[in-house]
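*Asks:* After the sequence you'll find the predicted model.
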Amino acid sequence: MGKMRYFKYVSLEEAYRRIKRNIKLRLKKETVSVNESIKRVLAEKIFSPANLPEKTVSHFDGYAVRSIDTIDSSVRNPVKLKVKGKIFLDTRVKISINRMEAAYISTGAVLPEGSDSVIPVERVRKRNEEYIEVLKPVKKHENVTVLGSDFKAGEEMFGIGHVLRPQDIKLLKHVGVKRVKVYRRPLLSLIPVGSEFSDSLGLRRKKETSSLMVTKLVEENGGKVRVFKPVPDDPRMLRTVISKALSRGDIVATIGGASVGAKDYVLEALSSLPNSKILFRGIKIQPGRVTTVVLVESKPIVLLPGHVQSTWVGVTFVLIPLIRLFSGRKLEAAYSTLEAKLVERLVLREYLPFKRIRFVRVTDKDGEKLAYPILGDSSMHKPLVLSNGFVMVPEMVSELSRGQKVEVMLF
C-alpha cells in the first residue's frame, strides 16, 4: 500500500462502489432453530409445505350455509333455514348441509360439506334452536377463508436475504418448519486506540466507552463483536494487535488514531502490513469525514474517528453497511424517514462540498411534526443522546430556513 497519510475524500456512493468492487464475499451459512432465528438472514428459499389453510374455514362465528339459498332474503322477506347442528374447532362429527339448511360454526372451524359461505351471528334472526331467519343474502365464499388462499402448497414464503421477523417466525412454526438455513453473523474485531486508555504504563487517565456504543450498534444490526484491550499510540503495537484481530474476525475496526495528528498511527501500522490497499481515505460527510477503509488480505479494516458523533457517523454509514453486506444483505445505511418542519434556522458555512449531518429532536404538536436542532461540536454527547434523528444537508447548501420542511432520518 502506498502511503496516503492525507485525505482524499470520496462520496458515500463512491465508497460503496469501491467496497463492492474490491471485496469478494464468501458468506458462511449455518442451520438454526426457528425459535432462535429472530433477525437472522435467510440463506435459502422457504416454500410452504402445505396449503394454508389446509381446508376452507369460517372467518367468523356464524352459520354455514349454501349461498344460493340466501339470494332472495331480506328483512321484509327473511329466508328460513333449518339448523342441523354445531361445529367447533374440536368437532369430530361430520355434518353436511343440504338445501335450506345451516349449521352453527365457530371462527376457524372447517366448513361442513355442501356449504360455501358463512353468515355472522349478528346478521340472522334466531327463531329457536332449530331454525334461523336470514335477513340479507351472502355471496359464495363470503366470510370464509378458502383452502390455500393464504399460501398454496409449494408457494415461496420467503426468499434468500429475507430478515426474519416475529410474524415470520410465527408462520414458520405454524406450517411446521423447525430449522432454517441462515447466514452466519459476521464477527467484528474491534480495537480502541489511544495511550490515554492504555494501562500498560499505569497511566490510564480516561475511560474508554466508545467500544461499547459501537458494539451495541453492530449487535443491533446482526453482527457479533470481539473487543480488544485499548492499544497505545505505537505503530508496532498497533501492527501486532491488528494482525491478531485480522486472524480472528471477518471485519476489523479501530476507534481513534485515524486522522493526521502527531500520534495518529493506525494508517502507518496498516501500511506496513503485506497486501494492504486503501479503498478510500475519508468520506464526504461531516462529522465522520475521517472514516477510512483499508483492505488487508482481502479483509476490510474500518478506521473510525474518535469523537463520539464522528464515531457514530462512521459506524452508521460505513461499518454497519459492511456488517449488512457480510450478513447477506444489501450494502446500505438503513433507516426510516419522516418529513418535519424545522423550528430554527440552520447555518452551515463549513465543509460545503460535503453532506453535513445535524441531529434533531422530532416532536408532534397538534398533528404537525416539528424538528428541533440540537447543536454541538463532534466531541459532545448531547446532540446524539437528546435527538431521535438527524437531517442530512446536501452538498453546497449553506442554510436551512426556519419553517422549512426537511427529511429526518430516524434512529
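*Replies:* In hand now; what should we look at?

*Asks:* where does this structure have low pLDDT?
*Replies:* Applying pLDDT under 70 to the chain picks out residues 1-5, 198-205.

*Asks:* Helices of that one, start to end?
*Replies:* Remark: helices assigned in the chain by DSSP state H are 12-22, 166-174, 210-220, 235-248, 266-271, 308-314, 320-325, 382-385.

*Asks:* so which of these is the most packed in?
*Replies:* Ranked by mean neighbour count, the helices of the chain are led by helix 308-314 with a mean of 25 (mean count of other Cβ atoms under 10 Å). (C-beta placed from N, C-alpha, C; glycine too.)

*Asks:* right, so of the helices of the chain, which gets closest to residue 58?
*Replies:* The closest of the helices of the chain to residue 58 is helix 166-174. By Cβ to Cβ, the value is 18.0 Å.

*Asks:* contacting residues around stretch 334-342?
*Replies:* For stretch 334-342, contacts defined as Cβ atoms under 8 Å, 6 or more residues apart in numbering pick out 320, 324, 360, 362, 368-371, 373, 389, 391, 400-411.

*Asks:* Buried members of those into PyMOL, please.
*Replies:* Here is the PyMOL command that selects the buried residues among the contacts of stretch 334-342 (16 or more other Cβ atoms under 10 Å):
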select buried, resi 320+324+360+362+371+373+389+391+400+406+408+409
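
*Asks:* Show me the contacts of stretch 334-342 that map onto strands.
*Replies:* Taking DSSP state E, the ones among those that sit in strands are 360, 362, 368-371, 373, 389, 391, 400, 405-410.

*Asks:* Quick check: the farthest pair among those residues?
*Replies:* 368 and 409 (18.9 Å).

*Asks:* Leaving aside the residues adjacent along the chain, what's closest to residue 222?
*Replies:* Nearest in space to residue 222, with sequence neighbours left out and distances taken as Cβ to Cβ, 6 or more residues apart in numbering, is residue 327 at 4.6 Å.

*Asks:* I figured the one you found was touching residue 187, is that so?
*Replies:* No - using Cβ atoms under 8 Å, residue 327 makes no contact with residue 187, being 11.2 Å away.

*Asks:* who touches both of those two?
*Replies:* With Cβ under 8 Å, 6+ apart, residue 327 and residue 187 have common neighbours residue 223.

*Asks:* Looking at those two now, which is surrounded by more residues?
*Replies:* residue 327 (23 against 18; other Cβ atoms under 10 Å).

*Asks:* And that one, how close does it get to residue 299?
*Replies:* Distance of residue 327 to residue 299, computed by Cβ to Cβ, to the nearest Å: 16 Å.

*Asks:* Map the structural domains onto the sequence of this structure.
*Replies:* The chain breaks down by automatic domain parsing into domains covering 12-28+184-325, 33-48+157-183, 57-145, 337-410.

*Asks:* TSV please, covering those domains and showing distance to residue 151.
*Replies:* TSV is the format used below for these (distance: least, Cβ to Cβ, whole Å):
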stretch	distance to residue 151
domain 12-28+184-325	27
domain 33-48+157-183	4
domain 57-145	12
domain 337-410	32
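
*Asks:* Could you look over the ones you listed and pick the most buried one?
*Replies:* Most buried of these, by mean neighbour count (mean count of other Cβ under 10 Å): domain 12-28+184-325, with a mean of 19.

*Asks:* And that domain, how far out from the chain middle?
*Replies:* Put simply, domain 12-28+184-325 sits 23 Å off its chain's centre (Cα atoms, centre = their mean, to the nearest Å).

*Asks:* For it, measure first residue to last.
*Replies:* Terminal residues of domain 12-28+184-325 lie 15 Å apart, using Cα to Cα, to the nearest Å.

*Asks:* Same question for stretch 138-149.
*Replies:* Stretch 138-149 has an end-to-end distance of 19 Å (Cα to Cα).

*Asks:* hmm, back to that, so what's the residue nearest to residue 222 up against?
*Replies:* Residues near residue 327 by Cβ under 8 Å, 6+ apart: 41, 183, 185, 186, 221, 222, 223.

*Asks:* Residue 19 too?
*Replies:* Here residue 19 is in contact with 279, 293, 300, 321, 322, 325, 331 (Cβ under 8 Å, 6+ apart).

*Asks:* switch the cut-off to 10 Å
*Replies:* Listed by Cβ atoms under 10 Å, 6 or more residues apart in numbering, the contact partners of residue 19 are 279, 280, 293, 295, 300, 318, 321, 322, 325, 331.

*Asks:* Which of those fall in strands?
*Replies:* Judged by DSSP E, those include 279, 280, 293, 295, 300 as members of strands.

*Asks:* from memory the last one sits against residue 331, does it?
*Replies:* Same thing as residue 300. No - using Cβ atoms under 10 Å, residue 300 is not in contact with residue 331; the gap is 11.2 Å.

*Asks:* Now do the shared contacts for the two.
*Replies:* By the contact definition Cβ under 10 Å, 6+ apart, residue 300 and residue 331 are jointly contacted by 19, 23, 318, 322, 325.

*Asks:* tell me the two of these that are most distant?
*Replies:* Put simply, by Cβ to Cβ the two of the shared contacts of residue 300 and residue 331 set farthest apart are 23 and 318, 12.6 Å from each other.

*Asks:* what is in contact with the two at once?
*Replies:* Common contacts of residue 23 and residue 318 (Cβ under 10 Å, 6+ apart): 293, 300, 331.

*Asks:* can you put these in CSV and add distance to residue 6?
*Replies:* Listed next are these as CSV, based on distance: Cβ to Cβ, whole Å:
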residue, distance to residue 6
293, 16
300, 21
331, 27
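
*Asks:* Just name the closest of the residues you listed to residue 350, please.
*Replies:* Using Cβ to Cβ, those come closest to residue 350 at residue 293, 24.2 Å.

*Asks:* I'd assumed residue 317 was in contact with the closest one.
*Replies:* No - taking contacts as Cβ under 10 Å, residue 293 lies outside contact range of residue 317: 11.3 Å.

*Asks:* Alright, that wraps it up for me.
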